[in-house]
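K.L.:
Turn this into a structure:
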Amino acid sequence: MTTLNALTQLRAATQTFKANTYVLIGGSILALITLAGLLAPWLAPYPEDALGNVNTAQTLLPPSAEHWMGTDQAGRDVLSRVLFGTRTSLTIVVAVIAVAGTIGTILGVVAGFAGGVIRDIVMRVTDMFLAFPALLLALALALILRPSMPTVILAIAVTWWPWYTRLTASVASSMRNRGYVEAARCLGVSAPRLVLRHVLPNSMTPVLVQSSLDAGGILITSAALSYLGLGANGPTPEWGLMVSEGQQFFTTAWWAALFPGLTIMITALAFNLLGEGLRSSLDPRRTAR
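P.N.:
Residues are numbered from 1 along each chain as shown. Sure, this is the predicted structure:
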């Protein structure tokens, strides 16, 4: 028994260490990327290039001391545009999570706590959206609307809210019959107050974990839409758009597409590390095993 307890404690300590390491690495990378985006006007060597400045005399220059990541087909400094593109790409991620998370959480909490017909209606609508592949549905919506940043945000948010609805509905449903909730009902506490004081706060932890896990996928989806010409329009600096503009010159000017693509990969990896670490740290079922 002592040996079993020791092994259990060792396993728990290993999982905690791994989770903390993931959070530290992912959080640190994201903090640096976010800081770089916030300080882009001061860090970018050629900030005017991020605003669409065209210099035909310096098109497709390779990386050098003057242009660390080279220049693109319009003679714009790639590093400057990558730094400013951080603002665009992260803004899309935050906006999608805010919209999808808010809509999905509200619907899920109401459906899970109310139960009955309301839950059935909300869940069936949710299942309808989940029946379609998220990327295909986002593509269809983006094709209908005019390509722009708001279009990307709306198209992805419409495909992402069902996940939050299912998650929070499960949490709210498990809480509606708990002892302290029943006691509060007997004391005359209204349903809206119960939801706001007990159900909603207890739903925030899984929503936070889900948001951190979703951020990488949202980033890649938004980059894919921009790559296909359904997202941000030029000369807006956006990583997916930069990859699309540079991929036709990849054999002769690889840097124009490679550096924005690497930035997407590193940022998505950082989001995934942070999300996995938070899930391991905050999910009591994983900790208990």
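
K.L.:
use CA for all of it now, contacts and neighbours both
P.N.:
Will do.

K.L.:
can you map out the strands along this protein?
P.N.:
When secondary structure is read from DSSP state E, the chain shows no strands.

K.L.:
Ser212 contacts Leu274, doesn't it?
P.N.:
Yes. The pair Ser212 / Leu274 is scored as a contact, 6.6 Å apart, by Cα atoms under 8 Å.

K.L.:
Compare the two and say which is more crowded by neighbours.
P.N.:
When Ser212 and Leu274 are compared for neighbours, Leu274 comes out ahead with 28 against 22, by other Cα atoms under 10 Å.

K.L.:
Provide a list of residues in contact with Trp163.
P.N.:
The contact partners of Trp163, by Cα atoms under 8 Å, 6 or more residues apart in numbering, come to Gly104.

K.L.:
now do 10 Å
P.N.:
100-101, 104-105, 108, 126-127, 129-130, 169, 207, 210, 214 (Cα atoms under 10 Å, 6 or more residues apart in numbering).

K.L.:
Is Met265 in contact with Ile220, as I believe?
P.N.:
Yes. Met265 is within contact range of Ile220, at 8.4 Å (criterion: Cα atoms under 10 Å).

K.L.:
who's more crowded, those two?
P.N.:
For the pair Met265 and Ile220, the greater number of neighbours falls to Ile220 (19 against 14), based on other Cα under 10 Å.

K.L.:
okay but the more buried one is in contact with Phe271, surely?
P.N.:
No. Using Cα under 10 Å, Ile220 makes no contact with Phe271, being 11.1 Å away.

K.L.:
which neighbours do those two share?
P.N.:
With Cα under 10 Å, 6+ apart, Ile220 and Phe271 have no common neighbours.

K.L.:
Number of residues surrounding Gly275?
P.N.:
26.

K.L.:
With Ala74 instead?
P.N.:
Neighbours of Ala74 (other Cα under 10 Å): 17.

K.L.:
List the backbone torsions phi and psi for it.
P.N.:
The phi/psi pair for Ala74 (degrees, to the nearest 10) reads phi -100, psi 10.

K.L.:
Right, I'll call it a day here.
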